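[1] predicted model and sequence follow; I will ask about them next.
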2 protein chains.
Amino acid sequence: MSRPKLHGLLLALVLGSCASAPTLYEHRLVDLTHTVSEGVADWPGEPTFRYERRAGIGPDGRWNATGAFSGSELSGTHIEAPMHYAEGRRGASELPLSQLVGPVRVIDVSKACEDDPRYVVQLSDLRRHERNHGRIPLRAIVLVHTGWDRHWGTPDRYYGTLDSARHPGLSLEFARELVSRKVDLVGIDGPSLDSALDLDTPVQRLFAENNQPALENLTGLDQLPPLGATLIALPVKLDRAGGAPARVIAIVP
Amino acid sequence: MSRPKLHGLLLALVLGSCASAPTLYEHRLVDLTHTVSEGVADWPGEPTFRYERRAGIGPDGRWNATGAFSGSELSGTHIEAPMHYAEGRRGASELPLSQLVGPVRVIDVSKACEDDPRYVVQLSDLRRHERNHGRIPLRAIVLVHTGWDRHWGTPDRYYGTLDSARHPGLSLEFARELVSRKVDLVGIDGPSLDSALDLDTPVQRLFAENNQPALENLTGLDQLPPLGATLIALPVKLDRAGGAPARVIAIVP
């Protein structure tokens, strides 16, 4: 059987029409997204997330619950498109789906971040991951698991303050290596890919220049294996925006 | 090999770590989501979608593009949670992922809708689909392809007006049959599951009472086969909201 045909068949078997597929979906889907509500999702200095609920019995005597929201396009779990930091690059609505869905590697630095809340992820962390789990292939998705999501909901702790940022981030050497591997998408379970020690956002600017979007404010990365899962990161399709809120899930085998 | 083990292996082969998986992703992902921008996405009478862009060279001499948005939680391609029309039911952040990802059936009524812009989808349309493609299994996702998405971007045409709604919708008999099949999720490429001829939203209230969320304002359903594709519908995780903007894609074998 040819390879494309084999793939088609496997895909149909696993995802399509076999009777037990729903059970498989039920047990293998992991949500990596924070719930968004007022007061938990705001980067210091950015527009505040607001939600106005209108729920109750309407003039017609029947129940209706709806609402309106407003806020930064980078509220909550979100994607930053290359356009955010690189003029002329792709915006949130223009990212190819092929960059948003794919095999994911999870690099675990949670122990180091527990000891040092401003830990800067090193090239040696990537080398260690590869010694244990094999080389990260071209065009993979790479997530960095810091464990920082446990501070979500306490903004002063999670973001630090405008005067004193405090969270883990990536070293430029680590980022350069991911660029050389042509990684499709990079993500972290903290407020920024850039270290709190460097306010010039060199890491995010590097990724943006290389057409690599970034996921921030992920959660639950401890539920993923180091390799073998598939990430699905779907941002709201905001026209020509620098970023957008995203729902991010994983299929774990 | 046991069935769970076989599934795990197939999943790993197709979605996980095999070398040619990226190619498969690239060619099989279909976006069913409208791009959201000002002036195209507003249900008459609901809060208007607004986007405020802030892009340019910042005080630090470097490029930065970001923005803030506001609008109804039902702007653009969106999901309506059962809570929207049924008190005490699940909100947008509480929908199980197992209801949002799964095998999808596409019922094509585009020809009838071309002839009659207020076409009401009949039980006979479902019967015809099943004669041609087999019985819709329990817990499937069902999308109704009307072709109405071609009017997107011309709100008066797409929604009709407050005084005179004008778009296709589902008959109550059709909806009742989908309830009896315990369908996980129902969607349409028009502004409402309910017919423009009935302003009491009986169809959506029926689905809500039965814990079935609804997708509205889909697009591109002509790119899907009648069966065999997998739908992935991921709404923004808005806390206890009646609905939320969603990004909806399909994996087509």
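    Perfect, I can see it now. Fair warning: this is a prediction, and the values are worked out from it, not measured in the lab.

[2] please see if stretch A:185-196 touches chain B.
    No: contact between stretch A:185-196 and chain B, assessed by Cβ under 8 Å from any Cβ of the partner chain, is absent, since the two come no nearer than 11.9 Å. All C-beta spots, glycine's among them, are computed from the backbone N, C-alpha and C.

[3] list the buried residues for that stretch?
    For stretch A:185-196, a neighbour-count test (16 or more other Cβ atoms under 10 Å in any protein chain shown) marks A:185-196 as buried.

[4] now it: mean pLDDT?
    pLDDT averaged over stretch A:185-196 equals 95, rounded to a whole number.

[5] picking that back up, of all the buried residues of stretch A:185-196, which comes closest to chain B?
    Distances from chain B to the buried residues of stretch A:185-196, taken as Cβ to the nearest Cβ, are shortest for residue A:185 (11.9 Å).

[6] just the ones in strands from the buried residues of stretch A:185-196, please.
    Judged by DSSP state E, strands contain the following of those: A:185-188.

[7] helices of the stretch 101-250 of chain A, residue ranges please.
    Under the criterion DSSP state H, counting those that start in this stretch, helices of the stretch 101-250 of chain A are mapped to A:110-115, A:123-133, A:155-159, A:172-180, A:202-209.

[8] check contacts around residue A:179.
    The contact partners of residue A:179, taken as Cβ atoms under 8 Å, 6 or more residues apart in numbering or on different chains, are A:206-207, A:210, A:212.

[9] ok, residue A:211 next?
    Taking Cβ under 8 Å, 6+ apart as the definition of contact, the neighbours of residue A:211 are A:82, A:89-90.

[10] quick one, phi psi at it?
    phi 60, psi 30 (degrees, to the nearest 10).

[11] so what pLDDT did it get?
    Turning to residue A:211, the model gives it a pLDDT of 97.

[12] which stretches of the stretch 51-200 of chain A have low pLDDT?
    By pLDDT under 70, the weakly predicted segments of the stretch 51-200 of chain A are A:162.

[13] tell me the SS of the closest residue to chain B within it?
    Using Cβ to the nearest Cβ, the single residue of the stretch 51-200 of chain A nearest to chain B is residue A:70, 3.3 Å away. Going by DSSP: H, G, I helix; E, B strand; the rest coil, the secondary structure assigned to residue A:70 is strand.

[14] that one contacts residue A:42, correct?
    No: counting by Cβ atoms under 8 Å, residue A:70 sits too far from residue A:42 to count as a contact (11.8 Å).

[15] need the overlap of contacts for those two.
    The overlap between the contact sets of residue A:70 and residue A:42 (Cβ under 8 Å, 6+ apart) consists of residue A:49.

[16] can you give me every residue that contacts residue A:52?
    So residue A:52 contacts A:67-69 (Cβ under 8 Å, 6+ apart).

[17] most neighbours among those residues, which one?
    Of all these, residue A:69 has the most neighbours under the rule other Cβ atoms under 10 Å in any protein chain shown, reaching 26 neighbours.

[18] grab the nearest non-local neighbour of it.
    Spatial nearest neighbour of residue A:69, chain neighbours left out: residue A:51 (4.9 Å); criterion: Cβ to Cβ, 6 or more residues apart in numbering or on different chains.

[19] list the pairing partners of the strand or helix carrying the one you found within its sheet, with orientation.
    Mapping residue A:51 onto the secondary structure by DSSP states H and E places it in strand A:50-57. Based on DSSP bridges, the pairing partners of strand A:50-57 within the sheet are strand A:63-72 (antiparallel).

[20] got the contact list for the partner strand?
    Under Cβ under 8 Å, 6+ apart, the answer for strand A:63-72 is A:41-43, A:46-58, B:46-47, B:66-74, B:83-87, B:91, B:238, B:241-243.

[21] got a list of what the residue nearest the centre of chain A touches?
    Central residue of chain A (Cα atoms, centre = their mean): residue A:215, 3.0 Å from the mean position. For residue A:215, the contacting residues are A:77-80, A:143, A:185-188, A:233, A:246, A:248, by Cβ under 8 Å, 6+ apart.

[22] which one of the residues you listed is nearest to residue B:169?
    If you rank these by distance to residue B:169 using Cβ to Cβ, residue A:246 comes first, at 30.7 Å.

[23] show me the beta-bridge partners of the closest one.
    Here residue A:246, judged by DSSP bridges, has bridge partners residue A:235.

[24] could you measure from it over to residue B:59?
    Distance from residue A:246 to residue B:59, counting by Cβ to Cβ, to the nearest Å: 28 Å.

[25] okay, these two: which has more neighbours?
    For residue A:246 versus residue B:59, neighbours defined as other Cβ under 10 Å are more numerous around residue A:246 (29 against 6).

[26] so that one sits against residue A:231, correct?
    No: with contact defined as Cβ under 8 Å, residue A:246 does not reach residue A:231; the gap is 11.0 Å.

[27] quick one: the closest residue to residue A:243 other than its chain neighbours from residue A:86, how far?
    In space, and not counting its chain neighbours, residue A:243 is closest to residue A:80: 4.4 Å by Cβ to Cβ, 6+ apart. From residue A:80 across to residue A:86, the span is 11 Å (Cβ to Cβ).

[28] between those two, which contacts overlap?
    By the contact definition Cβ under 8 Å, 6+ apart, residue A:80 and residue A:86 are jointly contacted by residue A:208.

[29] who has more neighbours out of these two?
    Neighbour comparison, residue A:80 and residue A:86: the larger count goes to residue A:80, with 29 against 21 (by other Cβ under 10 Å).

[30] so the more buried one versus residue A:188, what's the distance?
    11 Å.

[31] between the two, which contacts overlap?
    When contacts are counted by Cβ under 8 Å, 6+ apart, the set common to residue A:80 and residue A:188 consists of A:214-216.

[32] JSON lines for the residues you listed, including pLDDT?
    JSON lines is the format used below for these (pLDDT from 0 to 100):
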{"residue": "A:214", "pLDDT": "98"}
{"residue": "A:215", "pLDDT": "98"}
{"residue": "A:216", "pLDDT": "97"}
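
[33] tell me the most buried of the helices of the stretch 101-250 of chain A?
    By mean neighbour count, with neighbours taken as mean count of other Cβ atoms under 10 Å in any protein chain shown, helix A:202-209 ranks first of these at a mean of 22.
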